[in-house]
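Colleague: Give me the fold of what follows.
(chains A and B)
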Amino acid sequence: MSEERSLNFLEEIVEENIAAGVNGGAVLTRFPPEPNGYLHIGHAKSICLNFGLAKKYNGKTNLRFDDTNPTKEDIEYVDSIKEDVKWLGFDWANEFYASDYFDKLYELAVELIKNNLAYVDDSTAEEIAAQKGTPTEPGTPNQYRSRSVEENLQLFADMKAGKYSDGAKVLRAKVDLASPNMHLRDPLMYRIKHAHHHRTGDAWCIYPMYDFAHGQSDAIEHITHSVCTLEFVPHRPLYDWFIEQLELFPSKQYEFARLNLNYTVMSKRKLLQLVEEKHVEGWDDPRMPTISGLRRRGYTPASIREFCDRIGVAKRENMIDVGLLEFCIREDLNKTAWRRMAVLDPIKCILTNYPEGETEIMHGENNPEVEDGDGSREFPFSRELWIEREDFMEIPPKKFFRLGVGLMVRLKNAYIIRCNDFVKDADGNVTEIHCTYLPESKSGNDTSGINVKGTIHWVSVPHAKTAEVRLYDRLFQVENPQHEEGDFKDYLNPNSLQVIHTAYIEPDLANATPGKAIQFMRKGYFTLDKYSTQDKLVFNRTVTLKDGWVKK
RNA sequence: UGCCUGAUAGUAUAAUGGUAGUACGACGGUUUUUGGUACCGUUUGUCUAGGUUCGAAUCCUGGUCGGGCAACCA
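Modeller: This next block holds a predicted model:
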């Protein structure tokens, strides 16, 4: 806990409420996803907020599925959402579904009809839209608005009984057709949908709308602080209206600005499109901003929570730089990831003065950030090594602390070598580098007295294992694809995935497991892909290391 | 141009009438067997015009700019 950290506006509201004794000082929040897609980093902000607020003030949080539209929802999404929330590290007090309340909601609707505050309307969707007027012109009542309570009661019962086809009738709240707030112009409460629901099956053919389900569900559960995003601000008067008319538990709605991350999209509709049109592998493609994508990419729950904490909460529209997310994962992984060596773009380096056929065992600590190195591992050294192609230059510029003819570097956890020569093929590509090693410079008992600026990673040729390595870059080429002209998909980054089919890795890496982060020294943080096999290891790059080396 | 809502360094976020601060970024340096990490330093800001006040990022008025609202979606 950082001392003297100032409160965000939601915490201020909660503290004021507690001080004033509202609801006896209780704090009960909820996280209310619709099970129509996978959770993304924006949901993580909401999850951290709702669970965090409750935890801070000794309250609880319910997980409630807002499952009032059976045609878009599926049990697959329910399962993934539960998995993701748990993975993020949160436990809900209760698992509820808006569909649990269908009977109760029906009763409440009947109550409104009895109080002459709701009516059955036979108009088509188009007619209703036209009769609602425009933002500058008031709506006009139709003939159905004045139906008697008895008739409405009967018609609504008939709607429930399945006497009408989809779209034939709706139930509307009788609020104010002239309201400057469009949401108050007799909003729909129920529509007819002869559709199978993933939980209630075929028990219902009428389903409540968001505005007549969400607030009522909050009230039924005695949610004290119903936290949602800014686009629901205009719904709040209606949220309050229903609760007042029905004299329910006084849940209150508060709104914050949703998370926007640059170089990606966050709307479920757009993410669904990317999946369906195969621009990505699936919801858990490591380039996706989904929780499952981030998990597969190698992000940790702690790093995502830290990110949500750092971005703060306010009511102002924001665009967070993805660099902050990357900072959070680097910060976490630097302290936990074991260091290993892997050569992604190999070139052969031959130590001409090292005996052929000889092998030495070298040692390296798992993580220098941890006391005693978090243990160590062994790896073989020999005459022929794979090194990174970019660690050699034919004509090295000033301050190039790597290899070039006449230059010396330290091989990590091994010897200092000097580059003497190199071999080119017919096309002018460098194919081999010839070096000599300094026998007295071995790591651990270096008596050479020589200091070199650069240290490079390497893997012994005869001992190396191979793996496929996937390098990910931002999904889009522009900061805000949604804001650009035309189709957002026109702005996809064609190089968001680079596959390296054969990278050479040190033998110990055969023991990698998905979710366990590894730092390929000098290259970045990686994790084994969830679909990797023993026969073909696949590593995903979570994030690069910060690179302070600027080429000129 | 009806209603709602917001505006503080490049990006976020504090300061709640009393010294505009913090983080990320960028730039420079020290340390380093990762050009990583760590540490140190530098950098840049109150949308605008008035008003109230000893004093305004904060309160008031006008303007400007951004976001949202007219789904039988949530």
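Colleague: which stretches of chain A form helices?
Modeller: A:9-20, A:41-56, A:75-87, A:102-114, A:125-131, A:149-161, A:214-221, A:236-246, A:268-276, A:291-297, A:301-311, A:322-336 (DSSP state H).
Colleague: Would you format those as TSV with mean neighbour count and distance to RNA strand B included?
Modeller: To be clear about C-beta, it is placed using only N, CA and C from the backbone, and glycine gets the same treatment. Converted to TSV, those look like this (neighbours: other CB atoms under 10 Å; distance: least, CB to the nearest atom of the strand, whole Å):
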stretch	mean neighbour count	distance to RNA strand B
helix A:9-20	15	5
helix A:41-56	22	10
helix A:75-87	17	12
helix A:102-114	18	12
helix A:125-131	13	3
helix A:149-161	16	10
helix A:214-221	24	6
helix A:236-246	18	8
helix A:268-276	16	8
helix A:291-297	24	17
helix A:301-311	20	4
helix A:322-336	18	4
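Colleague: What parts of the stretch 351-500 of chain A come near RNA strand B?
Modeller: Within the stretch 351-500 of chain A, the positions adjacent to RNA strand B are A:367-369, A:399-402, A:410, A:412-413, A:441-444, A:446, A:454-456, A:483 by CB under 7 Å from any atom of the strand.
Colleague: try 6 Å
Modeller: A:368-369, A:399-402, A:410, A:412-413, A:443-444, A:446, A:454-455 (CB under 6 Å from any atom of the strand).
Colleague: Of those, which is the nearest to A:A178?
Modeller: A:E369 (65.5 Å; CB to CB).
Colleague: The closest one touches A:D332, doesn't it?
Modeller: No. Applying CB atoms under 8 Å, one finds A:E369 not in contact with A:D332, separated by 11.3 Å.
Colleague: got any ranges where chain A has weak pLDDT?
Modeller: A:1-4, A:551-552 (pLDDT under 70).
Colleague: number of nearby residues for A:Y57?
Modeller: 18 (other CB atoms under 10 Å).
Colleague: got the contact list for it?
Modeller: A:14-15, A:18, A:27 (CB atoms under 8 Å, 6 or more residues apart in numbering).
Colleague: Next: A:R236.
Modeller: Contacts of A:R236 (CB under 8 Å, 6+ apart): A:253, A:255.
Colleague: nearest spatial neighbour of A:P250, skipping sequence neighbours?
Modeller: A:I243 (6.3 Å; CB to CB, 6 or more residues apart in numbering).
Colleague: whoops, I mixed them up, A:A178
Modeller: Using CB to CB, 6+ apart, the closest residue to A:A178 is A:P138 (3.8 Å).
Colleague: Name the residues that touch stretch A:64-74?
Modeller: Against stretch A:64-74 from outside (CB under 8 Å, 6+ apart): A:30-36, A:78, A:81, A:95-99, A:193, A:195-199, A:207-210, A:213-214, A:217, A:221.
Colleague: Quick check: closest non-adjacent residue to A:R295.
Modeller: A:W87 (6.4 Å).
Colleague: coming back round to it: out of the contacts of stretch A:64-74, which end up buried?
Modeller: A:30-36, A:78, A:81, A:96-99, A:193, A:197-199, A:207-210, A:213-214, A:217, A:221 (16 or more other CB atoms under 10 Å).
Colleague: neighbours of A:D345, just the number please.
Modeller: 15.
Colleague: Thought A:Y190 was touching A:M209, still the case?
Modeller: Yes. Under the criterion of CB under 8 Å, A:M209 makes contact with A:Y190 at 6.9 Å.
Colleague: For A:R145, which residues are in contact?
Modeller: A:119, A:121, A:174, A:186.
Colleague: A:L403 and A:V409 touch, don't they?
Modeller: Yes. In this structure, A:L403 is within contact of A:V409 by CB under 8 Å, at 5.8 Å.
Colleague: Find the residues that touch each one of the two.
Modeller: With CB under 8 Å, 6+ apart as the test, A:L403 and A:V409 both reach A:391, A:456.
Colleague: which residues sit against stretch A:531-539?
Modeller: Applying CB under 8 Å, 6+ apart, the contact partners of stretch A:531-539 are A:342, A:465-470, A:503, A:505, A:509-510, A:512, A:514, A:518, A:520, A:526-529.
Colleague: 10 Å - rerun?
Modeller: A:281, A:284, A:296, A:298, A:342, A:344, A:465-471, A:499-501, A:503, A:505, A:509-510, A:512-514, A:518, A:520, A:526-530, A:540 (CB atoms under 10 Å, 6 or more residues apart in numbering).
Colleague: Report the buried members of those.
Modeller: A:281, A:284, A:296, A:298, A:342, A:344, A:467-471, A:500, A:503, A:505, A:509, A:512, A:514, A:518, A:520, A:526-529, A:540.
Colleague: Smallest gap between the stretch 451-552 of chain A and RNA strand B, at which residue?
Modeller: Closest approach of the stretch 451-552 of chain A to RNA strand B (CB to the nearest atom of the strand) occurs at A:G548, with a separation of 2.7 Å.
Colleague: ok, that residue to A:N152 distance?
Modeller: 72 Å (CB to CB, to the nearest Å).
Colleague: and if you look at A:R64?
Modeller: From A:R64 to A:N152 the distance is 29 Å (CB to CB).
Colleague: try A:P514
Modeller: Taken as CB to CB, the span from A:P514 to A:N152 is 57 Å.
Colleague: before we move on, what about A:F232?
Modeller: 28 Å.
Colleague: do the same with A:A93
Modeller: Separation of A:A93 from A:N152 (CB to CB): 38 Å.
Colleague: try A:G201
Modeller: Taken as CB to CB, the span from A:G201 to A:N152 is 27 Å.
Colleague: Same question for A:H434.
Modeller: Taking CB to CB, one finds A:H434 at 92 Å from A:N152.
Colleague: who touches the closest residue to A:K174 other than its chain neighbours in this structure?
Modeller: Nearest in space to A:K174, with sequence neighbours left out and distances taken as CB to CB, 6+ apart, is A:L117 at 5.2 Å. Contacts for A:L117 were tallied using CB under 10 Å, 6+ apart; they are A:109, A:111, A:149, A:172-175, A:241-242, A:245-246.
Colleague: In space, what's closest to the residue of the stretch 251-400 of chain A found nearest RNA strand B - neighbours in sequence excluded?
Modeller: Here the residue of the stretch 251-400 of chain A nearest RNA strand B is A:G312; by CB to the nearest atom of the strand that distance is 2.7 Å. Nearest residue to A:G312, sequence neighbours excluded (CB to CB, 6+ apart): A:N8, at 6.4 Å.
Colleague: re the thing from before, report the separation between the residue nearest to A:A178 and RNA strand B.
Modeller: A:P138 sits 9 Å away from RNA strand B when distances are taken as CB to the nearest atom of the strand, to the nearest Å.
Colleague: quick one on the thing from earlier: which neighbours do A:M209 and A:Y190 share?
Modeller: A:68, A:170-172.
Colleague: Redo those residues as CSV? Include neighbour count.
Modeller: Output for the shared contacts of A:M209 and A:Y190, formatted as CSV (neighbours: other CB atoms under 10 Å):
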residue, neighbour count
A:T68, 26
A:V170, 23
A:L171, 26
A:R172, 23
